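> give me coordinates for this.
(one chain, ligands or ions: 2)
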Amino acid sequence: MSVMHFSVPRDIVYGENALQTLSTLKGKRAVLVTGGSSMKRFGFLEQAQSLLEKAGMTCIVIDGVEPNPSVTTVQRGAKAMLEFEPDWIVAIGGGSALDAAKVMWCFYEHPQLKFEDIIAVGSMPPLRNKARFVAIPSTSGTASEITAFSVITDTENHIKYPIVAADMVPDLAILDPAIPELMPPHITANTGMDVLAHATEAVASIAATSFTDPYAIEAIRLVLENLETAYHEPHNKTARFNMHNASALAGMAFTNASLGLVHSLAHKIGGEFGVTHGLANAILMPYIITFNRQFTDKYDRVEKLLGINDLAESVRQLNAKLGIPACFKQCDEVDFDESKFRDVLNRMSANAHADPCTLTNPGKPTVADVKALYTAAYYGTNQ
Ligand code: NDP
Ligand code: MN
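Numbers count the residues shown, from 1 in each chain. Ligands and ions are numbered 1, 2, ... in the order given. I've put the predicted structure just below:
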């Protein structure tokens, strides 16, 4: 048996008013990094700024981080940081704002580096010579607040790069459930199903261990018991608290156990059709759980522990309650044109098979398996 590694994030503050922790940080200058407008509109940006000022810091804001953040946005932020010289970087927003801030941080610490220099795993030099990092997620989904990952898009070449570096795990994650409370229902549904995909894939992964399973299984339980409530009753504080925690817990599982075919297929169908990541995961999940059952008994264990009959069926029912269609053909978020689907199917299947997430899926699936799964999930048929 080979030597394995399990790592947990540095520090997590969670629960009502967790945001207040910002007033206890020690430093001189803080930069707040955020997305388009939601954090400003709901007053969280101003709250964060005044808490940092209470801690005796001067602040600037870098905003306008777009969904699927680009290399250009990261370079713009790093430039502002080099001029301001912060000792704290505080990212507040969805996974996109957090991911962009992580890589801005790297270029602030090492201005001589280019984006190409950090793409290879293990290539990022040590951080924390100039600043430390706080992550405050506003969606309950990606777990970027505790992971060593950042996804940055090269918009010129249309390629999404997963950047991996243990040093990018934030010093502090602040999980304040009041912040995701104002997420619109469809974003709650999509990001919440992303959490369920992280947890169900981490459980079935061939790299799953007794260290990762407890986090993944607890995250599955929390999503199955709370997502529907968070969707229908946005201000239900218990449901929001549980979903926000579930996201980070699932992150602890998948950061160590990695993922599987749901993410492989979601990444590539997202690339071809532009469908939202969590929505693609939600549609794919029941088909892939059913397929994976022939190779793993892990779902049996989850079902026994959580007292459910059939995990794929539970996911299907949850999708229906969240207004998520059963197959891509019925999905009207983007145009899933059938002739385009047929045209791209072979290429998309080969690319999804080559995605790094495929490596930890049970059962060594083939390109033909991937093609069959795409076809089933497109038409809503059984494999
Ligand atoms: P995004 O950060 O992309 O945000 C999506 C939309 O939701 C934006 O329009 C944003 O608006 C809005 N929004 C966010 N929070 C709120 C809120 N509380 N209330 C109202 N609107 C809100 O979404 P995700 O969190 O799903 O992040 C997706 C990104 O994360 C992708 O780039 C993906 O590749 C990456 N990712 C990263 C991982 C990691 O480990 N680092 C893992 C998986 C995915 P606004 O801009 O105005 O704030
Ligand atoms: Mn995901």
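
> tell me the domain ranges of this protein?
When the chain is parsed with automatic domain parsing, its domains come out as 11-175, 185-379.

> give me the distance between the residue nearest the centre of the chain and residue 319.
Compute the mean C-alpha point of the chain, and by C-alpha atoms, centre = their mean the closest residue is residue 142, 1.7 Å away. Counting by C-beta to C-beta, to the nearest Å, the gap from residue 142 to residue 319 is 20 Å. Any C-beta I mention is one placed from the backbone N, CA and C, and that applies to glycine too.

> circling back: out of the domains of the chain, which gets nearest to residue 5?
Smallest distance to residue 5 across the domains of the chain (C-beta to C-beta): 7.6 Å, for domain 185-379.

> and this protein, which residues reach ligand 1?
35-39, 67-68, 93-97, 99, 138-139, 141-144, 147, 149-151, 179-180, 182-183, 187, 191, 277 (C-beta under 6 Å from any ligand atom).

> let me know the secondary structure of the residue of the stretch 151-300 of the chain found nearest ligand 1.
Among all residues of the stretch 151-300 of the chain, residue 151 sits closest to ligand 1, at 3.5 Å; criterion: C-beta to the nearest ligand atom. Three-state assignment for residue 151 (DSSP: H, G, I helix; E, B strand; the rest coil): strand.

> show me what contacts it?
68, 95, 99, 160-163 (C-beta atoms under 8 Å, 6 or more residues apart in numbering).

> looking at these, which one is closest to residue 112?
Residue 112 lies nearest to residue 163 out of the contacts of residue 151, by C-beta to C-beta, at 17.2 Å.

> sec struct for the closest one, please.
Using three-state DSSP, the structure places residue 163 in strand.

> make sure it is actually in contact with residue 120.
No - counting by C-beta atoms under 8 Å, residue 163 stays clear of residue 120, with 9.6 Å between them.

> neighbour count winner among those two?
Set residue 163 next to residue 120 and count neighbours by other C-beta atoms under 10 Å: residue 163 wins out with 22 against 10.

> residues in contact with the more buried one?
102-103, 118-119, 124, 149-152.

> got a list of what the residue of the chain positioned farthest from its centre touches?
Computed with C-alpha atoms, centre = their mean, the maximum C-alpha offset from the centroid of the chain is found at residue 56, amounting to 32.4 Å. Contacts for residue 56 (C-beta under 8 Å, 6+ apart) come out as 27-28.

> now it: how far from residue 132?
Counting by C-beta to C-beta, the gap from residue 56 to residue 132 is 16 Å.

> residue 116 now?
Residue 116 is 26 Å from residue 132, by C-beta to C-beta.

> and what of residue 224?
Note on residue 224: its distance to residue 132, by C-beta to C-beta, is 36 Å.

> identify the bridge partners of the closest residue to residue 170 other than its chain neighbours.
Closest residue to residue 170 apart from its sequence neighbours, by C-beta to C-beta, 6 or more residues apart in numbering: residue 135 at 4.0 Å. For residue 135, the beta-bridge partners are residue 91, residue 173 (DSSP bridges).

> tally of neighbours for whichever residue of the chain sits closest to ligand 1?
Per C-beta to the nearest ligand atom, residue 94 is where the chain lies closest to ligand 1, at 2.0 Å. If you count neighbours by other C-beta under 10 Å, residue 94 ends up with 26.

> ramachandran coordinates for it?
phi -80, psi -180 (degrees, to the nearest 10).

> what residues are up against the nearest residue to it once chain neighbours are set aside?
The shortest distance from residue 94 to any non-neighbouring residue, by C-beta to C-beta, 6+ apart, is to residue 139 (4.4 Å). Contact partners of residue 139, counting by C-beta under 8 Å, 6+ apart, are 94-95, 180, 183, 187, 191, 247.

> returning to that earlier point: turn the domains of the chain into JSON lines, including mean pLDDT and distance to residue 5.
Compiled in JSON lines, the domains of the chain are given as follows (pLDDT from 0 to 100; distance: least, C-beta to C-beta, whole Å):
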{"stretch": "domain 11-175", "mean pLDDT": "96", "distance to residue 5": "10"}
{"stretch": "domain 185-379", "mean pLDDT": "97", "distance to residue 5": "8"}
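
> got these as CSV, with distance to residue 2 columns?
Formatted as CSV, the domains of the chain follow (distance: least, C-beta to C-beta, whole Å):
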stretch, distance to residue 2
domain 11-175, 18
domain 185-379, 10
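
> and residue 3, which of those domains is closest to it?
Closest of those to residue 3 is domain 185-379, at 12.0 Å (criterion: C-beta to C-beta).

> measure the closest one end to end?
26 Å (C-alpha to C-alpha, to the nearest Å).

> ok now it, how far from the chain's centre?
In terms of C-alpha atoms, centre = their mean, to the nearest Å, the centre of domain 185-379 is set 12 Å apart from its chain centre.
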